[in-house]
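Peer 1: okay, sequence plus prediction incoming.
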Amino acid sequence: MEKTKLIPMSCDMVFKKMWGDPDNIDRLSALLSIILGIPYEKLRNRIEIIDSEKKVTNKAEKRQRFDILAKVKLSLLGKVNLEMNIGFDQTDIDRNTSYISHIFSSNIRSGENYADMETVFQINFNDYDICKENEDIIDKYYYMNKNFCILTEKLQIYHINIAKCKNIWYNGDIKKYNKLDQQVIRLCTLMTLTDEEEFRTCIGEIDMDELVKKDIEEVEQHLSADDEILAYYGSEEDLRKLELGKIKNAERRGIEQGYIEKTMEIARNMLLENIDLDTISRITKLTKEEINSLSKD
């Protein structure tokens, strides 16, 4: 690799070592501060990295390893699972859903009150959009029914397209977003960069503790020169994921079409319930013209 090139944090090994280091929680505290919108000082010293090895309870159970699993010692928060997903694959989504389900189900022990169950967040950093219709920087998912009634807020899944964030940062479109989204865009762009100069520029724009920023720069330099990571980066596993992402484009288009059809179905049902057009448009993101056309079908 050229001396001016870095191994990006989108590389699994760099991602885990950068943000999942139990000896330096400040970096993870800074990241969660930006993603969750919580002041850094409030999170600092209140995060604990949990052993990422999922305990196997029976011989038939598949052994799984989370990218990063942490406990946040603040009220209304609980466990946070961070995953880096490069290259679209439906099995990645299914696997990550199984992760958060396992974390949630192991949240409480026999005899404890279910009211004390902790909230579990899963933050997925992807290089693709799960839902192209959603233009939010953080695409949030909850357990809910077709009428958008949330079953529980104690399970929250965030999807962030780091490739889209990078494009926004490169194209100078970042000023179109609010200040909180701008911070998320810069942070996620940072995870994709391989050029040292661009890396320094981007991290300089992030509203983050200066000592933490300096530490991130130094760790990124160190990891990019690590022989083990150099051997892993560009390995068959990484290349397989990238190729798989291209192969799965047709499948993704099918999922997107399924989402559109489901949205149309929800809008039709809301029309039958005589819900006003403004409310239907706000919930489904369809235009009033599109909604009116459904009543003619």
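Peer 2: All right, it came through fine. What you see is a predicted model, and the numbers here were worked out from it, not measured in a lab.
Peer 1: contacts, neighbours, all on C-alpha from now
Peer 2: Fine.
Peer 1: so where's the protein shaky on pLDDT?
Peer 2: Counting by pLDDT under 70, the low-confidence segments of the chain come to 1-4, 51-65, 75, 110, 234-259, 295-297.
Peer 1: and if we set it to 80?
Peer 2: Counting by pLDDT under 80, the chain shows low-confidence ranges at 1-4, 51-66, 74-76, 88-90, 107-116, 132-134, 231-262, 283-285, 295-297.
Peer 1: how does it divide into domains?
Peer 2: Domains of the chain are assigned by automatic domain parsing as 12-245, 248-297.
Peer 1: the ones you listed into a markdown table, with extra columns for mean neighbour count?
Peer 2: Listed next are those as a markdown table, based on neighbours: other C-alpha atoms under 10 Å:
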| stretch | mean neighbour count |
| --- | --- |
| domain 12-245 | 16 |
| domain 248-297 | 14 |
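Peer 1: any chance of these in JSON lines, plus distance to residue 5?
Peer 2: Output for the domains of the chain, formatted as JSON lines (distance: least, C-alpha to C-alpha, whole Å):
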{"stretch": "domain 12-245", "distance to residue 5": "5"}
{"stretch": "domain 248-297", "distance to residue 5": "29"}
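Peer 1: how far away is the residue nearest to residue 76 when sequence neighbours are not counted from residue 146?
Peer 2: Leaving aside its sequence neighbours, residue 76 sits nearest to residue 119 (C-alpha to C-alpha, 6 or more residues apart in numbering; 6.7 Å). Residue 119 is 23 Å from residue 146, where distance means C-alpha to C-alpha, to the nearest Å.
Peer 1: what ranges does the stretch 51-200 of the chain have for its helices?
Peer 2: Ranges of helices within the stretch 51-200 of the chain are 90-105, 162-171, 179-190, 196-205, based on DSSP state H, counting those that start in this stretch.
Peer 1: wait, residue 196 sits on residue 6?
Peer 2: Yes - in this structure residue 196 lies within contact range of residue 6 using C-alpha atoms under 8 Å: 6.5 Å.
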